[in-house]
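**Q** Here is a sequence with its predicted model. Questions after.
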Amino acid sequence: MPIVPAISAQPIRLAGGVCYLGGDWTIAALAEAGAVDERRQALPPVAQSLEWDLLGVERLDTIGAHLLWKAWGERVPEQARLSDKQRAVFQALADNEGDMHGKPPRPTDNLEWLRFVGDLWGEAIENGRALLIMFGQLMLDLFGLLGRRWRVPWRPISAQIYHTGAQALGITALVGFLIGVVLSYLSAQQLRTFGADRFIVQLLGVAIVRELGPVLAAILVAGRSGSAITAEIGVMRVTQELDAMQVMGISYGRRLILPRVVALSISMPLLVIWTGALALLGGALAARAQLNISVWWFLHSLPNAISMTNYGIGLLKGVTFGALIALMSCHFGLRVKANTESLGRGTTTSVVTSITGVILVDALYAIIFSSVGW
Amino acid sequence: MIEPVISVRGLRTAFGDHVVHDNLNLSVMPGEILSIVGGSGSGKTTLLRVIIGLDAPAAGTVQVLGRNLHELDHAQFRRLSRRWGMLFQAGALFSALSVFDNVAQPLRELRTLPEDLISDVVMCRLAMVGLNVRDADKQPSYLSGGMIKRVGLARALALDPSLLFLDEPTAGLDPQRSDEFVALVRSLHRQLGFTVVMITHDLDTLIDLSSRVAMLADKRVIACDTVEKVLQVDHPFIKEFFLGKRGRRALGDMVPKEMVSHGKP
């Protein structure tokens, strides 16, 4: 083993027209903060009169060699002393030069924002169209099942009802109850200033049963089950399970979409009733604390406060929201492309669009029912 | 005496009651290409995962590049893991990143290299595995199986590792691509001088590339030597593996005479 002079541990040293390189020229040394810049600046420019001595370099890898290679103008200077091993490393670089001169620059686009807005609209229209087709297909599938009970996918439907309904009971109960309490507290303060304490039953009853219950449950379900559906179907795309289904002639519509839409249309109204009930309970308890209205009286006056129409509207909303969330989630799940990023984006879009859609449809219902006079 | 690059002593791995390895010993010497061979479920991939620290053993020591893997703290392990590269069976490319960014990822992760140097190194790596600048902008989902393996190899080589792990490098490639890939690994091995540990089922790859073969059976390494010497070992699995129709075709002249006569009248 050659005795390496201690001074050679210094990476770059100029002496008497010779540039001595030494020490560690591997990624391990270059990964130190600022090491690359330091060495680049210390490297003298290539000149006829300058000799290079790399014999002091203890370790050299292709990354360190790259640094020198670039500084030397992509060739080994003639007056350079290298070991055979080092020469081989530089030879490896010379053999694999590739197109070092980088990627072609991306063309600049002045109208990018316009394209972006256009794309957004195009995409929205395309999504709407696909959703409509999916809905139509779903209707066809449903009619196809009429009178053929043995073809109904009972098991997936019941599994989905369990996942989207039964397992959501806890979180919807908690949120519903707390919202009921908050709402009751806030309205109690206002109502008291008018001496209209008793009307808290009407206020809470109508607001929760007709509006808040369905919307609250829908938002929770969209975040909970909608995202799960999109991710599930999206992963099936990534793992080619969807392709396998297509090859076997199994239709997505009947196997994936129909059970989920049916299940959510069943579990959603049930969750709406549940959330509403818990919210009213929370409201009643808060009213008792704030306005001294007994819970018993509160519950007794509820049937007079809420008409059956209001209750029916709440349930109808539940069914619609459930079907809407399931359809949207399936749609965005099927649109996921076979990579991880698309899966994440698809799930986000699915939840955001479902919630927006729910609120839009809710507004639509409000307009329709008020013009009918309900 | 030359220190082994990897030294596994008395290794025992188990998942619950299922023991995968029991008292397994293995040494890998610098600069060699070692193939790990074994039947399905014999724990080849598990062994590799233990060696790169993805799984922890139940007992025994694993030394890689002179460091005992299971005594290292987080920072030391990270520093050590920069010195090896792994090509996963399915490529395991980051699907959200382009080919260029995939190969650049280990370099950027150091956070100290300037972007122009990274770009040079990445393009050099891509050239080494036979890809050009047009491929650099592609997304992994648009690549063919062979290309994915090449990009995976380029990424494994990004940090100029002294140790390279290949998990089934030629699985899923057609014979021609597979031969090309073997040639590629061999030429890079010659140029860069790293040590290779490879899992393979493919006899052609095994015989073309490996300097030594470690046969995994009965929860341990039953033989670890050159193909010729492993063939001399009397073990049912070795006979079955090498002396089937495919084995004999791949081995050609290497099949010992007495074994050939055993098969034919």
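**A** Sure, I can see it. Residues are numbered from 1 along each chain as shown, chains lettered A, B, ... in the order given.
**Q** domain ranges for chain A?
**A** A:6-95, A:131-372 (automatic domain parsing).
**Q** Not counting stretch B:184-195 itself, show me its contacts.
**A** With C-beta atoms under 8 Å, 6 or more residues apart in numbering or on different chains as the test, stretch B:184-195 has contacts from A:62, A:88, A:91-92, A:95, B:5-6, B:28-34, B:128-130, B:150, B:153, B:157, B:160-164, B:166, B:169, B:196, B:208-209. Backbone N, C-alpha and C define where each C-beta goes, glycine included.
**Q** try 7 Å this time
**A** Contacts with stretch B:184-195, where a contact means C-beta atoms under 7 Å, 6 or more residues apart in numbering or on different chains, come from A:92, B:5, B:28, B:30-33, B:128-130, B:160-164, B:169, B:196, B:209.
**Q** next one: stretch A:63-81
**A** Contacts for stretch A:63-81 (C-beta under 7 Å, 6+ apart): A:25-27, A:30, A:36, A:39-40, A:43, A:46, A:51-55, A:89-90, A:93, B:117, B:120-121, B:124, B:160.
**Q** from these, which ones fall inside helices?
**A** A:27, A:30, A:36, A:39-40, A:89-90, A:93, B:117, B:120-121, B:124 (DSSP state H).
**Q** re the thing from before, out of the contacts of stretch B:184-195, which are inside helices?
**A** A:92, B:128, B:209.
**Q** before we move on, back to that, worst mean pLDDT among the domains of chain A?
**A** Sorting the domains of chain A by mean pLDDT places domain A:6-95 lowest, at a mean of 82.
**Q** Just the mean pLDDT for the longest helix along chain B, thanks.
**A** As assigned by DSSP H, the longest helix anywhere in chain B is helix B:175-192. The pLDDT scores in helix B:175-192 average 85.
**Q** What residues of that helix count as buried?
**A** B:177-178, B:180-182, B:184-185, B:188-189, B:191-192 (16 or more other C-beta atoms under 10 Å in any protein chain shown).
**Q** about what we covered before: rebuild the ones in helices among the contacts of stretch B:184-195 as JSON lines, extending it with neighbour count.
**A** Listed next are those as JSON lines, based on neighbours: other C-beta atoms under 10 Å in any protein chain shown:
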{"residue": "A:A92", "neighbour count": "19"}
{"residue": "B:M128", "neighbour count": "23"}
{"residue": "B:L209", "neighbour count": "23"}
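**Q** shaky segments in chain B?
**A** B:1, B:255-265 (pLDDT under 70).
**Q** hmm, back to that, going by neighbour count, which of the ones in helices among the contacts of stretch A:63-81 are buried?
**A** A:27, A:30, A:36, A:39, A:89-90, A:93, B:117, B:120-121, B:124.
**Q** what's the closest of those to B:R134?
**A** Distance to B:R134 across these (C-beta to C-beta) is lowest for B:C124, with 16.3 Å.
**Q** Surely that closest one and A:N96 touch.
**A** Yes. Assessed by C-beta atoms under 7 Å, B:C124 is found in contact with A:N96 at 5.3 Å.
**Q** re earlier: next, format the ones in helices among the contacts of stretch A:63-81 as JSON lines and append distance to A:L14.
**A** Output for the ones in helices among the contacts of stretch A:63-81, formatted as JSON lines (distance: C-beta to C-beta, whole Å):
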{"residue": "A:I27", "distance to A:L14": "25"}
{"residue": "A:L30", "distance to A:L14": "20"}
{"residue": "A:V36", "distance to A:L14": "19"}
{"residue": "A:R39", "distance to A:L14": "13"}
{"residue": "A:R40", "distance to A:L14": "15"}
{"residue": "A:V89", "distance to A:L14": "23"}
{"residue": "A:F90", "distance to A:L14": "21"}
{"residue": "A:L93", "distance to A:L14": "24"}
{"residue": "B:L117", "distance to A:L14": "22"}
{"residue": "B:D120", "distance to A:L14": "25"}
{"residue": "B:V121", "distance to A:L14": "26"}
{"residue": "B:C124", "distance to A:L14": "28"}
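**Q** residue in chain B nearest to chain A?
**A** When scored by C-beta to the nearest C-beta, chain B has B:A127 as its residue closest to chain A, at 3.1 Å.
**Q** Send me the one helix or strand A:D243 maps to as PDB with only the CA atoms.
**A** Element membership for A:D243, per DSSP states H and E: helix A:241-247. Extracted in PDB, the C-alpha atoms of helix A:241-247 (Å, rounded to 0.1, in the frame of the first residue of the first chain):
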ATOM      1  CA  GLU A 241     -58.300  -5.200 -11.300                       C
ATOM      2  CA  LEU A 242     -60.700  -3.100 -13.400                       C
ATOM      3  CA  ASP A 243     -59.000  -4.400 -16.500                       C
ATOM      4  CA  ALA A 244     -59.400  -7.900 -15.300                       C
ATOM      5  CA  MET A 245     -63.100  -7.300 -14.700                       C
ATOM      6  CA  GLN A 246     -63.500  -5.900 -18.200                       C
ATOM      7  CA  VAL A 247     -61.700  -8.900 -19.700                       C
END
